[in-house]
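> below is the sequence, then the predicted model.
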Amino acid sequence: MSAVSLSSPAAALGTQSAAIKASTASSTVPATASSGGGAAVATATRFTASVPPAIAPSATGDTRFLHVTQYPASLEAVDVTYEALANLQTRNGQMQVWEQAPTTAVDQIIGRNASATTEKARFAGLGSALLEQVASTGASYRQTIVNVGATYSPGKIQGKATDALWAIQSRPSASAELTIKTQSGATVRISIADQREPIGTGSGIAVQIDVEGDLTPQEKQALQSLAKGFDQAIEGLVGEPPTLDLEGLSKFDTQLLGKVEFKTSLYGVDDNGSRIQKLGVRYTADASNREIEIKTPQGTVAMKTDLRQSALWGTVDQKAYAVQQYLGRIDKAAQRGNADAELVALFKSSFTAMNGSYGSAAGASGSRTTTGLGPTQSVDLNRDAGAFSEEDQSLLTGLADFNASITATRRASNPRRLKEVDSFEYTLNQSTQVSGTSPGNRAVTQTQTARLLASFHQSLDGPSAKLKLTSDSATQNYYYKKVEDSSSTQVELAYEKDEPVRALVTQTASQSLQSLKVENNRITENTADPARQQSKQTDLLPLLKELKRQQEANALADDEKQKTLREWNGMVLGDWGTA
């Protein structure tokens, strides 16, 4: 395994630590005796997973035990009694309290991160360390470290640590959870809760691994392969600004792992000082689907991708082109509907991520060839690579089917006219139907749709001018606009006895805009543009037949063919209307 770097201010201090030991002379509250061991922190430690030692109950039956280290901890441990705690120095009146004896490499990373001031630094390397732990041991595990005000009474330490543990788990500043179900029936759940802010009970980090069932050696390896991706997903989302990196969690062996579910939440306060969820992400993946939902105070982004028709996926280059075309359409819809820029950025990054987590029908980038299967050979047209020709693929998007949406939080921003609600909803969809049993007798219909519904206030001085509406009539100078757009592109392809019999592209679009002009709280204009309907149908069957004839006669250069196919693909993915 790779070395885990522990170089940090906390580790560099080389401070002393102490395991709480029962002492009848110092308190009537019994505690369990335990030794923290003699593990010293190095600047780089190779990950060695281990199961935490069992807690031995004291003579009175009290199973509670805590471990105290100087703040910040080095995890260099010696046995002392409560009386000896007075001899330990504290930093800024703080001490670190551990739920379990800090003996593993995971504990070292937790101890290092607990002194950091940013969420990204506090989560750094922690997700991969926990996955390495369970991949090595196959066992459950838990640990909590809390930074609390220094005190030398064992009862007070116990109480403070308990209160802090409850606060971290119930009201974290950030949390992450990864649940993995294996094909053998086992379930692994890893959770991390962080409280970065030094609230009344103290700051700290709580982690837990729950394992239900037995993991096979192969499943442990599959878990370990997700370690880096788990880190990348967490650290991206808790960064400033948050970024979406799900590629490492999306590529897993579906023969060993049945389902992966990842959740992350970030919390903060609103303008009124109330606690809110600043960001919530839920991502699930299995052999058939990828699904993501992102929630922010500004709105919700959601997307689901259907992975059951891999034969229709394009090359890496074609998929990248399709994604770029869609991102351009999203930008235009956002501008027309006056959408929140941060929410749109999340939508675009989600769309990119969800279409980057699966491969191509051929399993590699580059040009596709014509169907390599016999024209009458029975195949699964949804999954068999080579079931569709290069010409077919040029008339499809190359993407897996999907449903994607962005929905802004509805707001009544004008106190004088509460019925004028600001809203933005944009949906994108692709669905594909395949019929036939052989390459020579195949048919496919692929439909793309888009719809935009938006309403918003805008300054009379232009879209970029700031607008602040209050109850004062002097501020009531604005446009209130409503937008409703839709578009669709449908491709129909069919072959009989390996001869093309249908190649039709049908495109429709509709746009409407209603605008209300208000000056000094009086409506001075109310205009509604009639809905503009557009439709276009292109029959490519003659061109497809001619292309095939030229190929059979060796009368068509490859570069000319590729140029024609790119033009067809551009037409299918082109900006038809603004939706």
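Cool, got the structure.
> mind listing what T182 touches?
Each residue near T182 by CB atoms under 8 Å, 6 or more residues apart in numbering is listed here: 188, 213, 215-216, 219, 222, 256-258. (C-beta placed from N, C-alpha, C; glycine too.)
> what are the phi and psi values at it?
T182 adopts backbone torsions of phi -90, psi 160, taken as degrees, to the nearest 10.
> i'd like the first residue to be 413 from this point on
Done: numbering now begins at 413, and the last item shifts to T594.
> and the contacts of T594, which is closest to G726?
The nearest member of the contacts of T594 to G726, counting by CB to CB, is L669 at 26.3 Å.
> SS state for the nearest residue to the closest one once chain neighbours are set aside?
If you skip the residues right next to it in sequence, L669 has A634 as its closest partner in space, 5.2 Å away by CB to CB, 6 or more residues apart in numbering. Classification of A634 by DSSP: H, G, I helix; E, B strand; the rest coil places it in helix.
> now the helices for this protein?
In order along the chain, the chain carries the following helices (DSSP state H): 421-425, 517-525, 531-535, 538-549, 566-582, 629-636, 639-649, 659-662, 728-749, 753-766, 802-806, 953-964, 970-985.
> ok, what's across the strand from R694?
For R694, the beta-bridge partners under DSSP bridges are K675, E705.
> I figured it hits K675, correct?
Yes: under the criterion of CB atoms under 8 Å, R694 is in contact with K675, at a separation of 5.1 Å.
> for the helices of the chain, give me a markdown table that also has mean pLDDT.
What follows is the helices of the chain, written out as a markdown table (pLDDT from 0 to 100):
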| stretch | mean pLDDT |
| --- | --- |
| helix 421-425 | 28 |
| helix 517-525 | 90 |
| helix 531-535 | 95 |
| helix 538-549 | 94 |
| helix 566-582 | 80 |
| helix 629-636 | 96 |
| helix 639-649 | 95 |
| helix 659-662 | 92 |
| helix 728-749 | 95 |
| helix 753-766 | 94 |
| helix 802-806 | 94 |
| helix 953-964 | 92 |
| helix 970-985 | 93 |
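> which one of these lies nearest to Q555?
Comparing these against Q555 with CB to CB, the closest turns out to be helix 517-525 (6.0 Å).
> and that closest one, what's buried?
Residues of helix 517-525 classed as buried by neighbour count (16 or more other CB atoms under 10 Å): 517-525.
> how many residues are close by Q860?
A count of neighbours around Q860, defined by other CB atoms under 10 Å, yields 25.
> ok, and the closest non-adjacent residue to it?
Among residues not flanking Q860 along the chain, T901 sits closest, at 4.6 Å (CB to CB, 6+ apart).
> so how far is G523 from that neighbour?
Distance check for T901 against G523: by CB to CB, to the nearest Å, it reads 56 Å.
> circling back to that earlier point, between the buried residues of helix 517-525, which is nearest L649?
Nearest to L649, judged by CB to CB, of these is N525 at 16.1 Å.
> residues contacting the closest one?
For N525, the contacting residues are 533-538, 617, by CB under 8 Å, 6+ apart.
> now the longest strand along the chain against helix 970-985, angle please.
What stands out as the longest strand in the chain, according to DSSP state E, is strand 911-931. Computed with axes from the mean of the first three to the mean of the last three CA atoms, to 10 degrees, the direction of strand 911-931 lies at 40 degrees from that of helix 970-985.
> send the alpha carbons of strand 911-931 over as CSV?
Extracted C-alpha coordinates of strand 911-931, given in CSV (Å, rounded to 0.1, in the frame of the first residue of the first chain):
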residue,chain,number,x,y,z
GLU,A,911,-30.0,-2.6,-46.1
PRO,A,912,-31.1,0.8,-44.7
VAL,A,913,-34.8,1.4,-45.0
ARG,A,914,-35.2,4.4,-42.7
ALA,A,915,-33.0,7.3,-41.6
LEU,A,916,-35.2,10.2,-40.5
VAL,A,917,-34.3,13.2,-38.3
THR,A,918,-37.3,15.2,-36.9
GLN,A,919,-36.7,18.4,-34.9
THR,A,920,-39.2,20.7,-33.3
ALA,A,921,-38.9,23.8,-31.1
SER,A,922,-41.2,26.3,-29.4
GLN,A,923,-40.4,29.6,-27.6
SER,A,924,-42.6,32.1,-25.7
LEU,A,925,-41.8,35.2,-23.7
GLN,A,926,-44.1,37.3,-21.6
SER,A,927,-42.8,40.6,-20.2
LEU,A,928,-44.3,43.0,-17.6
LYS,A,929,-42.8,46.5,-17.3
VAL,A,930,-43.3,48.3,-14.0
GLU,A,931,-42.4,51.9,-13.4
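> give me the helices and strands touching that strand, please.
strand 890-908, strand 934-951, helix 953-964 (3 or more CB pairs under 8 Å, 6 or more residues apart in numbering; DSSP states H and E).
> buried residues, it. List them.
Neighbour counts using 16+ other CB under 10 Å place 912, 914-917, 919-923, 925, 928-930 of strand 911-931 among the buried residues.
> so, low pLDDT: which residues of the protein?
Scanning the chain with the threshold set as pLDDT under 70 gives 413-505, 564-566, 773-789, 988-991.
> what's the neighbour count on D796?
Residues lying near D796 (other CB under 10 Å) number 18.
> how much space between it and G726?
D796 sits at a distance of 16 Å from G726 (criterion: CB to CB).
> is K593 in contact with G670, as I believe?
Yes: K593 is in contact with G670 according to CB under 8 Å; the separation is 4.7 Å.
> the nearest residue to G740 once chain neighbours are set aside: what's it in contact with?
Distances taken as CB to CB, 6+ apart put D987 closest to G740, at 6.8 Å, once the chain neighbours are dropped. Under the criterion of CB under 8 Å, 6+ apart, the contact list for D987 reads 737, 740-741, 744.
> out of these, which is most surrounded?
Neighbour count (other CB under 10 Å) singles out R741 as the most crowded of those, with 23 neighbours.
> grab the nearest non-local neighbour of that one.
D987 (6.0 Å).
> isn't L985 up against A734?
Yes: the pair formed by L985 and A734 meets the contact definition of CB under 8 Å, at 5.6 Å.
> mutual contacts of the two, please.
The overlap between the contact sets of L985 and A734 (CB under 8 Å, 6+ apart) consists of T809.
> higher neighbour count, those two?
Using other CB under 10 Å, the more surrounded residue of L985 and A734 is L985, with 23 against 20.
> could I get stretch 864-882 in PDB with only the CA atoms?
This file holds the C-alpha atoms of stretch 864-882, laid out as PDB (Å, rounded to 0.1, in the frame of the first residue of the first chain):
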ATOM      1  CA  LEU A 864     -37.200  25.600 -19.900                       C
ATOM      2  CA  LEU A 865     -39.700  27.300 -17.500                       C
ATOM      3  CA  ALA A 866     -38.400  30.500 -15.900                       C
ATOM      4  CA  SER A 867     -39.700  33.700 -14.300                       C
ATOM      5  CA  PHE A 868     -37.600  36.500 -13.000                       C
ATOM      6  CA  HIS A 869     -37.300  40.200 -12.200                       C
ATOM      7  CA  GLN A 870     -34.800  42.400 -14.100                       C
ATOM      8  CA  SER A 871     -33.700  45.900 -13.800                       C
ATOM      9  CA  LEU A 872     -34.900  48.500 -16.400                       C
ATOM     10  CA  ASP A 873     -31.200  49.400 -16.800                       C
ATOM     11  CA  GLY A 874     -30.300  46.000 -18.200                       C
ATOM     12  CA  PRO A 875     -29.700  42.400 -17.200                       C
ATOM     13  CA  SER A 876     -26.300  43.100 -15.500                       C
ATOM     14  CA  ALA A 877     -27.700  46.000 -13.300                       C
ATOM     15  CA  LYS A 878     -28.500  45.100  -9.700                       C
ATOM     16  CA  LEU A 879     -32.100  45.200  -8.600                       C
ATOM     17  CA  LYS A 880     -33.200  45.700  -5.000                       C
ATOM     18  CA  LEU A 881     -37.000  45.600  -4.500                       C
ATOM     19  CA  THR A 882     -38.500  46.900  -1.300                       C
END
